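Peer 1: what follows is a predicted structure for the sequence shown.
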Amino acid sequence: MIPAPAFLSNPERFMAFSRWAAPMFGAIAVVLALAGLYLGFAAPEDYQQGDTVRIMFIHVPAAWLSMFVYVCLGVSSFLALVFRHALADAAAQAAAPLGAAFTFLALVTGALWGRPMWGAWWVWDARLTSVLVLFLFYLAYMALRASLDDEAKAARAGAILALVGLVNLPIVHYSVEWWNTLHQGASVFRADGPSMSAVYLWPLLLMGLAYTSAFGSLWLVRIRGEVWRRRAEAAAIRAARG
């Protein structure tokens, strides 16, 4: 097995792996999503929420991925900052827009779900507010990278910001336990096991795996694009000098 820093320091090995892995993860995501959506829409209405409960199959996986992708961003940024691996920096840069998209989807679907349940599109709930802060960290990271022309300085500044943003993840996760909040607590990943009925749990887990596989596919594609962009820029610089 290749240690992570060594793998991320070898672009050729990564490009060979991602060439077949990206389409494979994409195909898996499609199959899982179709199965999850079928089971989700075949499930009976909830006795309290009615058909509104089906938003869960879109909203909850997006919320999970909003945090998971930020972990990927933080780990990649750490490797780029400490080991100076250009591929790790490319991975961090490629992850940010995907994480922002998942977080935005979680916020929008949360508002759609919250309107009939809470009677408002938005409340300054601890969970909602901390997820909004997470979204702003994604935007700040991308804005910071885009604002600096020097790629090395942009990578270092972005990595530091990404690592600072990791502090927000425990707040997002434990917000429903630390503060009085309208948002429901964990019902899947619990010490005593899931509290959710299997008729909702299975499609939710399938959708979570589908989102994760889709992220894996898109992330690999975006990293490959970033590698090609950097190679093209380096070739243009060499041609201009020579």
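Peer 2: Yep, it's here.
Peer 1: give the contact list for the residue lying closest to A22 once chain neighbours are set aside.
Peer 2: Leaving aside its sequence neighbours, A22 sits nearest to L220 (C-beta to C-beta, 6 or more residues apart in numbering; 4.0 Å). Just so you know, the C-beta spots here come from the backbone N, C-alpha and C atoms, and that holds for glycine as well. By C-beta atoms under 8 Å, 6 or more residues apart in numbering, the contact set of L220 is 18, 21-22, 25.
Peer 1: could you redo the last one with a cut-off of 10 Å?
Peer 2: L220 is in contact with 14-15, 17-26, 91, 94, counting by C-beta atoms under 10 Å, 6 or more residues apart in numbering.
Peer 1: F41 too?
Peer 2: By C-beta under 10 Å, 6+ apart, the contact list for F41 reads 51, 54, 57, 203.
Peer 1: ok, 8 Å please
Peer 2: Residues in contact with F41 (C-beta under 8 Å, 6+ apart) are R54.
Peer 1: ok, now how distant is L34 from L206?
Peer 2: Noted for L34: a distance of 9 Å to L206, by C-beta to C-beta, to the nearest Å.
Peer 1: next one: Y141
Peer 2: For Y141, the distance to L206 under the criterion C-beta to C-beta works out to 30 Å.
Peer 1: compare these two (neighbour count), which wins?
Peer 2: For Y141 versus L206, the count of surrounding residues by other C-beta atoms under 10 Å is larger for Y141: 27 against 22.
Peer 1: doesn't that one belong to a helix?
Peer 2: Yes. Counting by DSSP: H, G, I helix; E, B strand; the rest coil, Y141 falls inside a helix.
Peer 1: fine by me, we can end here.
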